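Asks: sequence and computational prediction follow.
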Amino acid sequence: MKKQNKIIVAVSPNDDIRRELLARITVDLGFALTPGDAKKIIRLSVDDIDLDTAYYVLALNYTFRGAVVTNQKLYELAARGLAVIVGARAISREYQFLCEAHYPSEYGL
């Protein structure tokens, strides 16, 4: 998988499926060797990550309708080439152009 300069989003209403999607995306991008290893580095929320010093962002739960400043910061990090990978229940229409969405059917989940 080649990383675009967009926010990579694992989209699913189910937390377990979203975690599995994030793990597989993380392996595909080379951040972990196995999905089990990938699950160890997934944070619950973007708030658990210091965005000013992060080398990558990997969070299970993110809501795009939350803080606009955080959305902007995540997009800036992605545009600079950092891996920004988050899980979301859905992507709002106004944020779809910022995102590279991945759904369970792509991974056979």
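Replies: Now that the structure is in, tell me what you want to look at. Numbering: from 1, shown residues only.
Asks: for Ala90, helix, strand, or coil?
Replies: Look at Ala90: counting by DSSP: H, G, I helix; E, B strand; the rest coil, its state is coil.
Asks: now it: how far from Tyr103?
Replies: 11 Å (CB to CB, to the nearest Å). To be clear about C-beta, it is placed using only N, CA and C from the backbone, and glycine gets the same treatment.
Asks: any shared contact partners between these two?
Replies: Residues touching both Ala90 and Tyr103 by CB atoms under 8 Å, 6 or more residues apart in numbering: Val11.
Asks: following element in sequence after the top helix by length along the chain, please.
Replies: Ranked by residue count, the top helix of the chain under DSSP state H comes out as helix 15-28. Following helix 15-28 in sequence order, the next helix or strand is helix 35-41 (DSSP states H and E).
Asks: below-threshold pLDDT in this structure: ranges please.
Replies: 1-3, 109 (pLDDT under 70).
Asks: Val84 belongs to a strand?
Replies: Yes. The assignment for Val84 (three-state DSSP) places it in a strand.
Asks: Phe64 against Ile91, yeah?
Replies: Yes. Counting by CB atoms under 8 Å, Phe64 does reach Ile91; the two are 6.3 Å apart.
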